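Sequence unavailable; structure follows:
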């Protein structure tokens, strides 16, 4: 691919609900641009974007793909993102380098949960956007209804640019609302102008009024003229749109058919015309030498810097770090400094990447997106710059995973292979997390949803040839006591030669500090137990608190006092006193009113207000206590509750079902509370045979 200067580049994320047509839109554009000689489809599994085996199998995007296309002497980097919330981290990575977005909406399905989420993501980042309605070749699609629904949700910013024309149920052309002229596709792939059909005038007037309102809102002068009934000229409209689209105050609505590759020419023309090039966008980092602000602003004349927004670590493709050049011009064999890792990276060759295909490029200008191969230490969200001018850019905030399962190798001996494979997946996917829970003898894997974890399981099997089992996690219960006990234990063993002898008398009571497992004191007088055995007694306590006698969970909040005992001058040993202490601990613990403590989290659930009742009912079934409710913007409600960790199991599935995918939740550990009798009895019974 040839080199493009900053002013000729557009970085555009494709957002929308899963299955709305983002990948097929990218495919149609790539085909029309000459990037590919045939147009693939998700059903056939041969698109540029969805090249991964898992994506082909599931017929949906799981990862963000970059599709750079040349169009009218410009380079448009299309970032095709997954539409399902399970893979939200991929969309967040793409949006960290996008300068604008296309929100794709199915003309048949209409506005869906993913549409609303896409809009909210753009709002949060103040990204210019265009809504593109697909499936217009289907007679059931209604462009007018979608425009009206968008206007109801987002107001006068919505500006329909086009209107579909159908004849005998066929999508044959469109009306340009700005020009008020009709155009029909011909066999050559171009359009013929013709008069606006009579039956289109009603909808044209509706769309024209909406467009004029959006234009009027761009300035006080235009608003005043609008109310006075003045007509805007085409030049005035287009000038207002250039400003309005760029600052997000106007959101054009276009439409087309991905299957027929219709509507892409006008979409690409408007992307180039109305979306900002990187040099019209702001980008700032911190100079780590003097903590001053480095205004990169995608200026090719400034010191070189880049941001790694995504990593591909594939056993077939290799490792590539996807970057956006924030300033300067990168060239092959450049050496850049990674402040976060305190290391220098020699770049080698520069690439552009299209799906899973890489193409060498001579240089990458500020604002462009490219790929670097086999960087030694750099990872996603790291910054690269010159050592003389070390810059760090703000790391992209990525959604935190809250859904977890314990996992284990299905086949013995695969543990190392699984660990290596997971390290590559963790490199690629920052919404994955692995945690070793040594207290409960389990390894946990965290993801955005159960479907996300199932995809990971499938990728390990298909791509890395290792199998893992995902099971219900063992909850981190703890054991403690409620009263004081006094006991002793004498360990005595004779087996020829030296024997074993250790004798301890201890008291046990609540320490009042459940943050720490135990407090150990000794009040032995007269040398009944020599001081050199005190460490052995404490070792016995340390071993005992790891696995309590009640239900084999860690012990917390106990105070153990060694006050007496006896020893044998020949047979006593550290081992004997350690064993005696362990046995005494078990006995004392069971006599001191043992109870089970269960972990609680404070959880926040956000959903449209209509689902609040169902959410609260479900939380009550999970033994949660509602703390409060907070109204949020756009008709959303936040429910705050304390919930036992047992109640979190499969909550993501329930919430998805209750809210049709529109609800989200987060939680943080808050404290331990005594478990109810029925819960405690069930745990004790379940662990009795272990």
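On my side now, so go ahead. Predicted model only: the values in this text are computed from it and were never measured.

Give me the secondary structure label for the residue most central in space within the chain.
In the chain, the centroid-proximal residue (C-alpha atoms, centre = their mean) is residue 89; its distance is 2.8 Å. With DSSP: H, G, I helix; E, B strand; the rest coil as the basis, residue 89 sits in helix.

Distance of it relative to residue 74?
To residue 74, residue 89 is 29 Å away according to C-beta to C-beta, to the nearest Å. (C-beta placed from N, C-alpha, C; glycine too.)

likewise residue 305?
In terms of C-beta to C-beta, residue 305 sits 23 Å off from residue 74.

Residue 432 touches residue 445, doesn't it?
Yes. With contacts counted by C-beta atoms under 8 Å, residue 432 reaches residue 445, the gap being 7.1 Å.

Show me which of the two is the more surrounded one.
residue 445 (24 against 19; other C-beta atoms under 10 Å).

and the closest residue to that one other than its chain neighbours, what are its bridge partners?
Counting by C-beta to C-beta, 6 or more residues apart in numbering, residue 445 lies nearest to residue 407, which is 5.0 Å off, once chain neighbours are set aside. Bridge pairing for residue 407 (DSSP bridges) gives the partners residue 443, residue 470.

Next, the contact list for residue 407, please.
Counting by C-beta atoms under 8 Å, 6 or more residues apart in numbering, residue 407 touches 443, 444, 445, 457, 468, 469, 470, 471.

Got a quick ChimeraX command for the buried subset of those residues?
Here is the ChimeraX selection string for the buried members of the contacts of residue 407, based on 16 or more other C-beta atoms under 10 Å:
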select :443,444,445,457,468,470
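
Can I get the contacts of residue 407 in JSON lines including distance to residue 249?
Below are the contacts of residue 407 laid out as JSON lines (distance: C-beta to C-beta, whole Å):
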{"residue": "443", "distance to residue 249": "50"}
{"residue": "444", "distance to residue 249": "46"}
{"residue": "445", "distance to residue 249": "44"}
{"residue": "457", "distance to residue 249": "45"}
{"residue": "468", "distance to residue 249": "49"}
{"residue": "469", "distance to residue 249": "52"}
{"residue": "470", "distance to residue 249": "47"}
{"residue": "471", "distance to residue 249": "51"}
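
Just give me the closest of the contacts of residue 407 to residue 316.
Nearest to residue 316 among those, counting by C-beta to C-beta, is residue 457 at 19.3 Å.

what does the strand or helix carrying that closest one contact?
Using DSSP states H and E, residue 457 sits in helix 450-464. Residues outside helix 450-464 that contact it (C-beta under 8 Å, 6+ apart) are 53-54, 57-58, 62, 84, 86-87, 314-315, 401, 403, 405, 407, 417-418, 421-422, 424-425, 429, 431-432, 445, 447, 466-468, 470, 650, 652-653.

Regarding this structure, what is its longest strand?
strand 594-608 (DSSP state E).

Tell me the strands beside it, with direction?
Strand 594-608 pairs in its sheet with strand 478-481 (antiparallel), strand 636-644 (antiparallel), strand 664-674 (antiparallel), by DSSP bridges.

Centre of the chain to the shortest one, how far?
Looking back up the chat, that one is strand 478-481. Relative to the centre of its chain, strand 478-481 is centred 36 Å away, using C-alpha atoms, centre = their mean, to the nearest Å.

residue ranges of the helices in the stretch 451-600 of the chain, please?
534-546, 574-590 (DSSP state H, counting those that start in this stretch).

want to throw those helices into TSV with mean neighbour count, mean pLDDT and distance to residue 213?
Formatted as TSV, these follow (neighbours: other C-beta atoms under 10 Å; pLDDT from 0 to 100; distance: least, C-beta to C-beta, whole Å):
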stretch	mean neighbour count	mean pLDDT	distance to residue 213
helix 534-546	19	95	69
helix 574-590	22	95	74
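
Reformat those helices into a markdown table and put distance to residue 205 next to each item.
Shown next, in a markdown table, are the helices of the stretch 451-600 of the chain (distance: least, C-beta to C-beta, whole Å):
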| stretch | distance to residue 205 |
| --- | --- |
| helix 534-546 | 77 |
| helix 574-590 | 82 |
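
Quick check: which of those is nearest to residue 119?
Among those, the nearest to residue 119 by C-beta to C-beta is helix 534-546 (50.8 Å).

so which of the strands paired with strand 594-608 comes closest to residue 568?
The closest of the strands paired with strand 594-608 to residue 568 is strand 478-481. By C-beta to C-beta, the value is 31.0 Å.

Could you tell me how many residues sit around the closest residue to residue 598 other than its chain neighbours?
Leaving aside its sequence neighbours, residue 598 sits nearest to residue 675 (C-beta to C-beta, 6+ apart; 4.3 Å). By the criterion of other C-beta under 10 Å, residue 675 has 22 neighbours.

Verify the stated contact: residue 675 with residue 475.
No. Look at residue 675 against residue 475 with C-beta under 8 Å: they stay out of range, at 9.8 Å.

if I look at those two, which residues touch both of them?
Common contact partners of residue 675 and residue 475 (C-beta under 8 Å, 6+ apart): residue 598.

how about stretch 217-229: buried residues?
Those would be 217, 218, 222, 225, 226, for stretch 217-229 by 16+ other C-beta under 10 Å.

what's the answer for stretch 430-450, then?
Within stretch 430-450, the residues that count as buried by 16+ other C-beta under 10 Å are 430-432, 440, 442-450.

picking that back up, just curious, which of the buried residues of stretch 217-229 is nearest to residue 196?
residue 226 (22.6 Å).

Just the element for the closest one, please.
helix 220-227.

Please enumerate residues in contact with that helix?
With contacts defined as C-beta under 8 Å, 6+ apart, helix 220-227 is touched by 212, 213, 215, 216, 217, 232, 236, 240.

By neighbours, which of these wins?
The most crowded member of these, judged by other C-beta under 10 Å, is residue 215 (25 neighbours).

Any buried residues in the helix holding residue 457, and which?
Residues of helix 450-464 classed as buried by neighbour count (16+ other C-beta under 10 Å): 450, 451, 452, 453, 455, 456, 457, 459, 460, 463, 464.

Quick one, grab the pLDDT at the third one.
So that's residue 452. pLDDT for residue 452: 96.

remind me which residues of the protein are low pLDDT?
Applying pLDDT under 70 to the chain flags residues 496-497, 689-690.

one more time with 50, if that's ok
Within the chain, no stretch has pLDDT under 50.

Contact partners for residue 347?
Shown in contact with residue 347 (C-beta under 8 Å, 6+ apart): 330, 332, 333, 334, 335, 336, 372.

Would you mind checking those residues for buried ones?
Among the contacts of residue 347, the ones that count as buried by 16+ other C-beta under 10 Å are 330, 334, 336, 372.

In strands, which of the residues you listed fall?
Those of these mapping onto strands are 330, 336, 372, per DSSP E.

how much space is there between the first one and residue 435?
With distances taken as C-beta to C-beta, residue 330 is found 37 Å from residue 435.

before we move on, what about residue 614?
Note on residue 614: its distance to residue 435, by C-beta to C-beta, is 31 Å.

Would you map the helices across the stretch 151-300 of the chain?
For the stretch 151-300 of the chain, applying DSSP H, counting those that start in this stretch gives helices covering 201-216, 220-227, 234-247, 264-274.
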